[in-house]
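Q: Fold the following, please.
(4 chains)
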Number of protein chains: 2
Amino acid sequence: MSSSTTNDTPAPRPHQGRRAVISREDLMAAALKLVGPHRSVSTLSLREVAREAGIAPNSFYRHFRDVDELAVTLINQAGSALRQIIGEARTRATSERSVVRSSVEAFMEQLRADQKYLHLLLREGTVGSDAFKQAVETQLGFFEEELCQDLIRLAALKHTGIYQPQLVARAITRLVFTMGAMAMDMPEEKHPALVDQVETMVRMIILGTQSMAQADSSL
Amino acid sequence: MSSSTTNDTPAPRPHQGRRAVISREDLMAAALKLVGPHRSVSTLSLREVAREAGIAPNSFYRHFRDVDELAVTLINQAGSALRQIIGEARTRATSERSVVRSSVEAFMEQLRADQKYLHLLLREGTVGSDAFKQAVETQLGFFEEELCQDLIRLAALKHTGIYQPQLVARAITRLVFTMGAMAMDMPEEKHPALVDQVETMVRMIILGTQSMAQADSSL
DNA sequence: CGCGATAATATACATTTGTATATATAACTG
DNA sequence: CAGTTATATATACAAATGTATATTATCGCG
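A: All right, here's what the predicted structure looks like:
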């Protein structure tokens, strides 16, 4: 487990022979165009993606072994992109209160701006092939890990205890993602209220773990 | 919104004409046999279900308009069945501690015993048609509602405050279901550890809402 | 230029799907 | 016993899908 995104781009060779008129990225973009609130990646057909990209069906095989492989690549890409954005939002904020708020806000904002891209992580982790599900799980694991470190850091900084930070990170991550998935089916004007709700939920968890830490240390 | 399960069984008419050799329930059972960790209801084909049930493809139309309608019925059935089980577990327990524990345990036990049935509520709420998603959302809403009443009742009983019980109920419900979905891809021997984790998560949320209620009342 | 290599396409085929149409079967009604 | 009606099947068809095979196009290199 060295890097987040498996670097499966086979390096642009000094192309002997016909130059590629289409790239893996083009196919991934085409696939992204097709997914949405009513369409999941796991239901995309090879021909459909090829059609959208404007190539012959068989040309697909030059770039991916099947649609599943494309989907996994897409998931990894979406995961690292989102993690970078959330990470930036987190470092901008300093106090605990604003860390929670700005992280959740950044998440939801990204949701609003780029629904297609987040779909993969939010909704499709539960259906599809094993490789598919595991890719989503891996990305969520990265989120948990980063959040966990942040929680520990913040607890030390503010001298508040934290009970089982790993568990806390997992609960928060899953909750935020689940609520994000809900938001995607709601009209945008309801998003602010939902951000508030999610923030409160997260704060409850944090308060809870702090209470448990106190109880634990006073034994 | 009067009842939880939409009663779409058209009442066994005094069947004039040929007696039905197959029922809606048979078709639903056949569909259930086909779903699993690697197969989602939304990908079931009409012919596939008909084949499993041992009828001609066209006979399907006598019972459901399409596979989506069958899926929605299945979801409703799964929802009310699970709610009943959890409800029984809840009434058996009295103290707050055991309410949390036994509810989570009942949920996970049901998960272990009858994976097929829970799949619908756990994993398929995010993909599929609108009717599909809304059916799952409705069932989850019922869970939230019942849990909310329980939380209020318990808070009054134990004289602990509760801040925004509706939000608490939603957070707990979503979290438990999400973790349940995770469990379905894990070997069974890891389930006990997961039950402990989920229980801790729930307890954190409850502790958190109690803290917030105290802070709120001391203004 | 010609030659080899790579990328893309064309054509084809067997499957599977949803559904339309027509027909057979069984049960109740008179 | 007809007759009516709900139920199930048979056959058929167009559309779509994944992929195998063969062909064409385009580039770099000698």
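Q: tell me the phi and psi of the residue of chain A found nearest DNA strand C?
A: When scored by C-beta to the nearest atom of the strand, chain A has A:Gly17 as its residue closest to DNA strand C, at 2.3 Å. (Each C-beta comes from the backbone N, C-alpha and C, glycine too.) Main-chain dihedrals, A:Gly17, degrees, to the nearest 10: phi 100, psi -170.
Q: what pLDDT does it get?
A: pLDDT for A:Gly17: 77.
Q: Any residues of chain A in contact with DNA strand C? List them.
A: A:13, A:15-22, A:54-59, A:62-63 (C-beta under 7 Å from any atom of the strand).
Q: Pull out the buried positions in the longest helix belonging to chain A.
A: Ranked by residue count, the top helix of chain A under DSSP state H comes out as helix A:130-158. When neighbours are counted by 16 or more other C-beta atoms under 10 Å in any protein chain shown, the buried residues of helix A:130-158 are found to be A:132-133, A:135-136, A:138-144, A:146-148, A:150-151, A:154-155.
Q: shaky segments in chain A?
A: Counting by pLDDT under 70, chain A contains low-confidence residues at A:1-14, A:219.
Q: all helices for it, in order.
A: So, for chain A - with DSSP H - the helices run A:24-34, A:46-53, A:67-92, A:96-113, A:115-123, A:130-158, A:165-183, A:191-217.
Q: Distance to chain B added to these, as JSON lines?
A: Formatted as JSON lines, those follow (distance: least, C-beta to the nearest C-beta, whole Å):
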{"stretch": "helix A:24-34", "distance to chain B": "14"}
{"stretch": "helix A:46-53", "distance to chain B": "15"}
{"stretch": "helix A:67-92", "distance to chain B": "12"}
{"stretch": "helix A:96-113", "distance to chain B": "12"}
{"stretch": "helix A:115-123", "distance to chain B": "4"}
{"stretch": "helix A:130-158", "distance to chain B": "7"}
{"stretch": "helix A:165-183", "distance to chain B": "4"}
{"stretch": "helix A:191-217", "distance to chain B": "3"}
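Q: got TSV for those helices, with distance to B:Glu199 too?
A: Output for the helices of chain A, formatted as TSV (distance: least, C-beta to C-beta, whole Å):
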stretch	distance to B:Glu199
helix A:24-34	39
helix A:46-53	43
helix A:67-92	28
helix A:96-113	24
helix A:115-123	26
helix A:130-158	19
helix A:165-183	10
helix A:191-217	12
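Q: Go through these and name the closest to B:Ile206.
A: Closest to B:Ile206 of these, according to C-beta to C-beta: helix A:191-217, at 7.1 Å.
Q: Surely A:Glu105 touches A:Leu194?
A: No - judged on C-beta atoms under 8 Å, A:Glu105 makes no contact with A:Leu194 at a distance of 11.1 Å.
Q: Could you find the closest non-adjacent residue to A:Ser59?
A: A:Ala50 (6.6 Å; C-beta to C-beta, 6 or more residues apart in numbering or on different chains).
Q: From DNA strand D, how far out is that neighbour?
A: Shown here: A:Ala50 relative to DNA strand D, a distance of 8 Å by C-beta to the nearest atom of the strand, to the nearest Å.
Q: Over to A:Ala20?
A: From A:Ala20 to DNA strand D the distance is 10 Å (C-beta to the nearest atom of the strand).
Q: Once you drop chain neighbours, what's closest to that residue?
A: A:Arg62 (7.8 Å).
Q: Spit out the contact partners of the nearest residue to A:Glu96 once chain neighbours are set aside.
A: Using C-beta to C-beta, 6+ apart and skipping residues adjacent in sequence, the residue nearest A:Glu96 is A:Leu154, 5.3 Å away. For A:Leu154, the contact set (C-beta atoms under 8 Å, 6 or more residues apart in numbering or on different chains) comprises A:Glu96, A:Val99, A:Thr160.
Q: Out of the residues you listed, flag the one nearest to DNA strand D.
A: A:Val99 (43.4 Å).
Q: burial of the spatially closest residue to that closest one that is not a sequence neighbour, as a residue count?
A: Distances taken as C-beta to C-beta, 6+ apart place A:Ala93 nearest to A:Val99, at 4.7 Å, with adjacent residues excluded. Here the number of neighbours of A:Ala93 (other C-beta atoms under 10 Å in any protein chain shown) works out to 16.
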